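Enquirer: Got a predicted structure plus its sequence, pasted below:
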Amino acid sequence: MLVDRHTPPRADTGPPSAPPRGSVARANARRAAGLLLAIGLLALVVVASIAIGARNVPVGHVWHGLFHYSGTDDDVVIRELRLPRTVLGLLVGAALGVAGAAMQALTRNPLADPGLLGVNAGAAAAVVSGISFLGVSSTTGYVWFALAGAAVVSVLVYAIGGSRSATPVRLALAGTAITALLQGWTTAVELTDKVALDRMRFWQVGSLSSANMSTVRDVAPFLAVGAVLALASARPLNAVALGDDTARGLGAKLTRTRVTVMAAITLLCGAATAACGPIVFVGLMVPHVVRGITGPDMRWIIPYAAVLSPVLLLGSDVIGRVVTRPAELQVGIVTAVIGGPVFIALVRRRRMAEL
């Protein structure tokens, strides 16, 4: 038997090598450039949100009203009405997008939305109870009851889901069961109390029309803490996406990660829902779009979702003001009308379905 002595020995087959650093750097550069473009788009939508409404305001007057207030009619509209509405939409949109991305990563379910763990149902049940039994009628009162309801439900879901032995499936099932129970309670109270029904129907549809700086100040600290917790959990969530056993092998603390992410979702969803009612599809749809741009890395998904979700929310709010002018269509209705067909188109695409 002849042996070619010049044939080098075969190298031992090991695990696949990591991608070259150059390709990673180029991918990160593209993601960073895309994020800058998204921020530019958000800036344009913010200007449109301040300028467009039942009373259109020239862009030059927008600058004057923001930085050189003199009490003119346009200045009053911008400073007292449009600015609080835009700031609240910016905060709530970012909160819903980040919460949706964190929820989908935590449950490893691409169809999860911020309400899957019962947070929105807990907020609604607390608000309707406060209206019916305690006579709460102010937006500030709604905020605190909604936050309390969201927090209580999150604790219940975590306890029912197994506490330290909780898994994504158990948490989702516990959240679904509690959501059904609380929705029944909310409906029962509304049917037996006409005052509660009248007040809740405006809150539940999802709206930015009653925004004011007092509401912004009430919810901003909760949203800030929730965003920080979500960002801090980005790397552990990347490990969780590989499965529990792999995540443990990589050194991830599963219990700590789940508790932290649930706290972040509770703060983000609870404060956002408290401020303007439940708004659908933002936290469900935007993370799907973002993953098509960034891939599955949560360190990029969360910042992108925080920027693009307010684009959707504020854009929908502007559309709602224009299509029925001089009246307006509530933003929760517009996001549902836009989100349904767009989300169906997204999930039908093979690339998105595989994510």
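Expert: Cool, the structure landed. Residues are numbered from 1 along each chain as shown.
Enquirer: CA atoms for contacts and neighbours, from now on please.
Expert: Fine.
Enquirer: Pull out the buried residues from the helix or strand hosting Ala174.
Expert: Take DSSP states H and E as the rule and Ala174 turns out to sit in helix 168-192. Going by neighbour count (16 or more other C-alpha atoms under 10 Å), the buried part of helix 168-192 is 168, 170-176, 178-179, 182-183, 185-186, 189-190.
Enquirer: Show the subsequent helix or strand relative to that helix.
Expert: The C-terminal neighbour of helix 168-192 among helices and strands, as given by DSSP H and E, is helix 194-204.
Enquirer: what angle do that next one and helix 168-192 make?
Expert: 140 degrees (axes from the mean of the first three to the mean of the last three C-alpha atoms, to 10 degrees).
Enquirer: And the most centrally placed residue in the chain, its phi and psi?
Expert: Ranked by distance to the mean C-alpha position of the chain (C-alpha atoms, centre = their mean), the top residue is Leu96 at 1.5 Å. Recorded main-chain torsions at Leu96 are phi -70, psi -40, according to degrees, to the nearest 10.
Enquirer: Could you double-check that it lies in contact with Gly270?
Expert: No - between Leu96 and Gly270 there is no contact, the gap being 9.8 Å when judged by C-alpha atoms under 8 Å.
Enquirer: Leaving out chain neighbours, which residue sits closest to Asn140?
Expert: One correction, residue 140 is Thr, not Asn. The shortest distance from Thr140 to any non-neighbouring residue, by C-alpha to C-alpha, 6 or more residues apart in numbering, is to Thr215 (6.5 Å).
Enquirer: which element is the one you found on?
Expert: For Thr215, the element it lies in under DSSP H and E is helix 213-232.
Enquirer: which stretches of the stretch 101-250 of the chain aren't confidently modelled?
Expert: Low-confidence regions of the stretch 101-250 of the chain, defined here as pLDDT under 70, cover residues 139, 164, 166.
Enquirer: In the stretch 251-355 of the chain, mark out all the helices, start to finish.
Expert: Shown for the stretch 251-355 of the chain, the helices assigned by DSSP state H, counting those that start in this stretch span residues 254-276, 282-294, 298-323, 331-348, 350-354.
Enquirer: coming back round to it: I'd like to know which of the buried residues of helix 168-192 is nearest to Ser132.
Expert: Each of these was checked against Ser132 using C-alpha to C-alpha; the closest is Val189, at 7.3 Å.
Enquirer: Now do the contacts for the closest one.
Expert: Applying C-alpha atoms under 8 Å, 6 or more residues apart in numbering, we find Val189 in contact with 128-129, 132, 196-197.
Enquirer: all strands in the stretch 51-200 of the chain, in order from the N-terminus.
Expert: Using DSSP state E, counting those that start in this stretch, no strands are found in the stretch 51-200 of the chain.
Enquirer: ok, back up a step: which elements pack onto the helix holding Thr215?
Expert: helix 83-107, helix 139-160, helix 254-276, helix 298-323 (3 or more C-alpha pairs under 8 Å, 6 or more residues apart in numbering; DSSP states H and E).
Enquirer: between the contacts of Val189, which has the most around it?
Expert: Using other C-alpha atoms under 10 Å as the neighbour test, these are led by Val128, with 28 neighbours.
Enquirer: and that one, what is it in contact with?
Expert: Taking C-alpha under 8 Å, 6+ apart as the definition of contact, the neighbours of Val128 are 186, 189-190, 196, 200.
Enquirer: Try it again at 10 Å.
Expert: 134-136, 142, 145-146, 185-187, 189-190, 193, 195-197, 199-200, 203 (C-alpha atoms under 10 Å, 6 or more residues apart in numbering).
Enquirer: From what I see, the residue nearest to Thr140 and Leu88 are in contact.
Expert: Yes - under the criterion of C-alpha atoms under 10 Å, Thr215 lies in contact with Leu88, with a separation of 8.1 Å.
Enquirer: So for the two, which residue has more residues nearby?
Expert: When Thr215 and Leu88 are compared for neighbours, Leu88 comes out ahead with 26 against 19, by other C-alpha under 10 Å.
Enquirer: hang on, isn't that one packed against Ala274?
Expert: No - contact criterion C-alpha under 10 Å: Leu88 and Ala274 do not qualify, at 11.5 Å.
Enquirer: okay, and the common contacts of these two?
Expert: Applying C-alpha under 10 Å, 6+ apart, one finds that Leu88 and Ala274 are jointly contacted by 215, 219.
Enquirer: buried set for the longest helix along the chain?
Expert: For the chain, the helix with the greatest residue count under DSSP state H is helix 21-51. Burial within helix 21-51, assessed by neighbour count using 16+ other C-alpha under 10 Å, is assigned to 31, 35, 38-39, 42, 45-46, 48-51.
Enquirer: What mean pLDDT does that helix get?
Expert: This predicted structure assigns helix 21-51 an average pLDDT of 91.
Enquirer: got the angle between that helix and helix 83-107?
Expert: Using the same axes, to 10 degrees: helix 21-51 against helix 83-107 is 140 degrees.
Enquirer: list the helices and strands helix 21-51 packs on?
Expert: Contact analysis of helix 21-51 by 3 or more C-alpha pairs under 10 Å, 6 or more residues apart in numbering; DSSP states H and E lists helix 59-67, helix 83-107, helix 282-294, helix 298-323 as its packing neighbours.
Enquirer: Make JSON lines out of the ones you listed and add distance to Ser154.
Expert: Supplementary listing: the helices and strands packed on helix 21-51 in JSON lines, determined by distance: least, C-alpha to C-alpha, whole Å:
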{"stretch": "helix 59-67", "distance to Ser154": "39"}
{"stretch": "helix 83-107", "distance to Ser154": "13"}
{"stretch": "helix 282-294", "distance to Ser154": "18"}
{"stretch": "helix 298-323", "distance to Ser154": "21"}
